[in-house]
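*Asks:* Give me a 3D structure for the following:
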Amino acid sequence: MASKFGLAGGIPERRVRQIWDAVDSRQFKNALKLSAALLSKYPNSPYALALKALILERMGKSDEALAICLNAKELLYKNESMLMDDLTLSTLQIVFQRLDHLELGTSCYEYACSKFPNNLELMMGLFNCYVREYSFVKQQQTAIKMYKLVGEERFLLWAVCSIQLQVFCGNGGEKLLLLAEGLLKKHVASHSLHEPEALIVYISILEQQAKYGDALEILSGKLGSLLMIEVDKLRIQGRLLAQSGDFAAGANTYQKILELCPDDWECFLHYLGCLLEDDSSWSNGVNGDPVHPPKFVECTVSHLTDEVLNSRLSNASAFLLKFQVDANNCFLRGPYLAILEIERRRHLYGKSNYDDIMKALMQYFFKFGHLACFTSDVEMFLQVLTPDNKMEFLEKVMKGTNSLPTIPTKVLGLSITAFKIQQLIGNIDKVPVVEHEALAGQMVDMYWKSLPLSKGLDPQESMHGEELLSMTCSVLVQLYWRTRHLGYFLEAIMVLEFGLTIRRYVWQYKILLLHLYSHLGALSLAYEWYKSLDVKNILMETVSHHILPHMLLSPLWVDLSNLLKDYLRFMDDHFRESADLTFLAYRHRNYSKVIEFVQFKEQLQRSNQYLVARVESPILQLKQRADSIEEEEGVLESLNCGIHFVELSNEITSKTLTFNEDFQSRPWWTPVPGKNYLLGPFEGISYCPKENLTKEREENVRRVIERKSLLPRMIYLSIQSASVSLKENAEVNGSMSEPKISSELKFLLERYAKMLGSSLTDAIEVVMGVSTGLKSSEAFGSDTVDWLNFAVFLNAWNLNSHELSQGGDQCGHTWHNVDTLLDKHISEKARSMESLICFPGVEEVAKWIRDQIKRPEDEVVEIILSSLRKKGQGEGPGLVFRILESFMSSIDEVELGSRISQAVKSWSHVDVARKIVTGSSTVLSEFLRICESKIKSLQALKRQMAQV
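*Replies:* Next up, the predicted model:
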């Protein structure tokens, strides 16, 4: 806050400094006391009032802060001399922004600028206001005024960036780009350019208009000298040449870059694209999804003759081979991967070159096979091999593992690579279960033997061989999927818990455990492991997909509420403060970041996860208050009776959603939320591809948001409708008349039915048919809960309108139909949980849950452990568990080191089993609490109904 010190509205710096010091140290009560003293001496100072408002806002007293800000604004307008004080205006603007009244802060600056049109400081403040409002046109206009006033290059660039934002994020077209080009061209003619960023902006304006020749001319002229780093200049030149169609010159340029940076993989792909005259590297498909970029470039069919194609690929190979023999490049993977990519291209263009691909693969294995990234590096190249070739490669890798140098860490790395390749291309459905079990045992045993290599490492450093336990988990889950024996699944949990006892910082183990516990139903444990990841800031957007979908279906409402609040708080804070970063980029003349920050903010605003959270948060509040109509109405009032969410439902169909989640961190059995291979039959594959389901997911998410956005409004209208029918009057709280309630609820019911794939008439027929037994509940498909919601809202509408009563007695008794429908659904769910329940309702479900919770803990623990004890020599879980137990009796503290030894000694399989029981009981207890709450509400409603 040092920049704010000095005279402001005639107040000495020393009087203000102590207030800002108190605010910065969050001593708000002391700051307020000092502010009161300041106001007693300067009662009519807008700046003193703005300071008090800022303090009150920080203390959570928003209404008081807004009133004081409006008072300060009024005083400013009365005393024009104070309008020139940017410190007062900026302080007011900060408070107005935090109070979500940006327009009031902007109006202060607009008024000040109208009174003092040549004050540059005020104009910059106004520009900042427009940046915060994302008013790109007004940004441009203000920046042009500043440029005309002082002729500075930076203000011209501010205007040009504002034009680009109109094109990228608004409705601006080619004419705007011509305007930006004209402004820059005129400035260059009279003043030239003096900043590298200015040149990059100029080139990007030309590039957007496909004026590649003009851009190249500028880059090769005097202005090109602004780019001091030769490689950066060459990259721009190569891109422009390729886009202009001059592939030969482009290839030469990229060749120069590779000579300077031989490990630049992206540059190599562009080089190869130019050689083959293939523009796939610059197509929209490659750069269309920056969150999930493709691993390699898809190739177009070559128009080159076979002779020319082979000649150019051979020249590329010869060029790259010289980097491999250079001793300075012995640790660079790029040149070796480049040879593999060349052979892959030969294959894709029709040459049967399996031997060459195999040779290049083995060369890469002998050089870099010990690295953890080896398998992911070669995965795309293995895809072009036949099944027999893949098995041949696996055999060569297994043999090569035993014939390479004996440095312990390298031997370990090669062995891990061999296991990875085996999992990647092995035919698991053809391997006997016993051999599959043995593979898991070998991995765990190797992990134990590798522990001495890590005894001198810091606990926060990654240990040698950590991947082995993740791989063991993968194999055990495959065995569970294959055999449906729960013991394998529990062994996977034991293995990961063992690994986290030794080193608790392994996030990969935590994510795997999160999904294992979620699948097992111990969601409270899954949530605990998620919290241990300490997810903050943007990771909330990219990582929370691991837990959020599970929590939305769980009875852990308090935890879900905290999860949603933390996520929405981060997102809303980012949207509120992201403009600060944008203006900072303007001030520091980093114009490419200006575009990046604005586009990133828009990408987050269209996040599917953000929109889901916005809808689910109020629905959760309604669930939590469902036992009290008064509290429910209070929540609905805070939600503007659900009107805003109906608007969201109307808008969602035209929104393009973004998927910013990091799916690479998900386990193979659940590549995306909503997809779980373990719930289906065993498919006979050891590796489930993480298929791209974005389009399918986008449609599903859009339907869910559209449907759920209607719920708050429909609940509000249902309450009003029931109130009207009971009170027998046409006005409810003076808010809506009876016909309006009925007509709007019917309209929303028609929309809801349409989302379920039916007309209102057909939907009513389905609901009545299922409730009376004329139709099977299978008629609901996978949307049972949504159909039940429809039935409840249908009943509420009929209470008021009585339209269904006109259709006969069957439709008239909607209360009875809804009751029957809910009873049937609860019965079916309860039978799936416990076949002994004969006449389930909410009370019977509650009784079953109580019985489960009351089961002796030791009894359930013993059941879990018994599933891990292998009986006889046949197949079945227990091998890995026995190996883990054997570790406890073979601890060598000298060999392992004190820290690891103590950690191993502290691990207990009984404690893990007990934790599983406790975690499951926690979820059941929360479910029981909800059931008991509903029973209490139903009983109270029964008593009220009996008195009517």
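*Asks:* Give the rounded mean pLDDT of stretch 112-130.
*Replies:* Stretch 112-130 shows a mean pLDDT of 93.
*Asks:* That stretch spans what distance, first to last residue?
*Replies:* 15 Å (CA to CA, to the nearest Å).
*Asks:* Same question for stretch 862-880.
*Replies:* End-to-end distance for stretch 862-880: 18 Å, by CA to CA.
*Asks:* cool, and stretch 644-659?
*Replies:* 24 Å.
*Asks:* One more: stretch 379-397?
*Replies:* Using CA to CA, one end of stretch 379-397 lies 14 Å from the other.
*Asks:* What residues of it count as buried?
*Replies:* Buried residues in stretch 379-397, counted by 16 or more other CB atoms under 10 Å: 379, 381-382, 384-385, 389-390, 393-394, 397. No exception for glycine: its C-beta is placed from N, CA and C like everyone else's.
*Asks:* Over to stretch 584-593?
*Replies:* Buried residues in stretch 584-593 (16+ other CB under 10 Å): 585-586, 589, 591, 593.
*Asks:* from the residues you listed, which ones fall inside helices?
*Replies:* 585-586, 591, 593 (DSSP state H).
*Asks:* which one of the residues you listed sits closest to L924?
*Replies:* Using CB to CB, K593 comes nearest to L924 of these, at 50.8 Å.
*Asks:* show me the contacts for that closest one.
*Replies:* Contact analysis of K593 by CB atoms under 8 Å, 6 or more residues apart in numbering lists 581, 585.
*Asks:* isn't W158 right up against K145?
*Replies:* No. Using CB atoms under 8 Å, W158 is not in contact with K145; the gap is 10.7 Å.
*Asks:* out of those two, which sits in the more crowded spot?
*Replies:* W158 (27 against 18; other CB atoms under 10 Å).
*Asks:* what's the average pLDDT for the helix or strand that contains that one?
*Replies:* According to DSSP states H and E, W158 maps onto helix 153-169. Helix 153-169 comes out with an average pLDDT of 94.
*Asks:* same deal with stretch 770-779?
*Replies:* Per-region confidence: stretch 770-779 scores 83 on mean pLDDT.
*Asks:* Quick check: buried residues in it?
*Replies:* For stretch 770-779, a neighbour-count test (16+ other CB under 10 Å) marks 770-771 as buried.
*Asks:* Tell me how far it lies from the chain's centre.
*Replies:* Relative to its chain's centre, stretch 770-779 lies at 39 Å (CA atoms, centre = their mean, to the nearest Å).
*Asks:* Helix, strand, or coil at P459?
*Replies:* In three-state terms, and counting by DSSP: H, G, I helix; E, B strand; the rest coil, P459 is coil.
*Asks:* mind checking how far it is from E80?
*Replies:* The gap separating P459 from E80 is 64 Å, by CB to CB, to the nearest Å.
*Asks:* Would you map the strands across this protein?
*Replies:* Along the chain, the stretches classed as strands by DSSP state E are 731-732, 736-737.
*Asks:* In terms of mean pLDDT, which of these ranks lowest?
*Replies:* strand 731-732 (a mean of 46).
*Asks:* Please point out which parts of stretch 218-225 sit buried.
*Replies:* 218-219, 223-224.
*Asks:* no no, stretch 337-356
*Replies:* 337-347, 349, 353-354, 356.
*Asks:* that older thread, which pair in the ones in helices among the buried residues of stretch 584-593 spans the largest distance?
*Replies:* The most widely separated members of those are Y586 and K593, with 9.1 Å between them, by CB to CB.
*Asks:* and the helix holding W158, how far from the chain's centre?
*Replies:* How far helix 153-169 lies from its chain's middle: 30 Å, per CA atoms, centre = their mean.
*Asks:* what helices or strands is it leaning on?
*Replies:* Where contact means 3 or more CB pairs under 8 Å, 6 or more residues apart in numbering; DSSP states H and E, helix 153-169 is packed against helix 136-150, helix 174-191, helix 196-208, helix 591-605.
*Asks:* by how many degrees do the shortest one and helix 174-191 diverge?
*Replies:* Which is helix 196-208. Interaxial angle of helix 196-208 relative to helix 174-191 (axes from the mean of the first three to the mean of the last three CA atoms, to 10 degrees): 140 degrees.
*Asks:* Need the residues that contact helix 196-208.
*Replies:* 153, 157, 160-161, 164, 167, 177, 180-181, 184, 188, 193, 212, 214-215, 218-219, 223-224, 226-228, 236, 240, 243, 589-592.
*Asks:* Could you rerun that using 6 Å?
*Replies:* Contacts with helix 196-208, where a contact means CB atoms under 6 Å, 6 or more residues apart in numbering, come from 157, 160, 177, 180-181, 184, 193, 214-215, 223, 226-227, 589, 591.
*Asks:* With stretch 699-717 instead?
*Replies:* Residues outside stretch 699-717 that contact it (CB under 6 Å, 6+ apart) are 608, 611, 615, 618-619, 636, 639, 641-642, 645-646, 648-649, 652, 741, 745, 748, 755, 793.
*Asks:* Same question for stretch 350-366.
*Replies:* The contact list for stretch 350-366 (CB under 6 Å, 6+ apart) reads 336, 339-340, 343, 346-347, 389, 396.
*Asks:* pull the CA atoms of that stretch into CSV?
*Replies:* Taking C-alpha atoms only, stretch 350-366 is exported to CSV below (Å, rounded to 0.1, in the frame of the first residue of the first chain):
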residue,chain,number,x,y,z
GLY,A,350,2.2,-47.4,-46.7
LYS,A,351,5.6,-48.8,-46.1
SER,A,352,5.9,-52.1,-44.3
ASN,A,353,8.8,-51.3,-42.1
TYR,A,354,8.2,-53.2,-38.9
ASP,A,355,11.9,-54.2,-38.6
ASP,A,356,13.0,-50.6,-38.7
ILE,A,357,10.4,-49.6,-36.1
MET,A,358,11.5,-52.5,-33.9
LYS,A,359,15.2,-51.5,-34.3
ALA,A,360,14.5,-47.9,-33.4
LEU,A,361,12.4,-49.0,-30.4
MET,A,362,15.1,-51.2,-29.0
GLN,A,363,17.8,-48.5,-29.6
TYR,A,364,15.6,-46.2,-27.6
PHE,A,365,15.1,-48.9,-24.9
PHE,A,366,18.9,-49.5,-24.5
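*Asks:* Could you list the low-pLDDT ranges of the stretch 551-700 of the chain?
*Replies:* 684-694 (pLDDT under 70).
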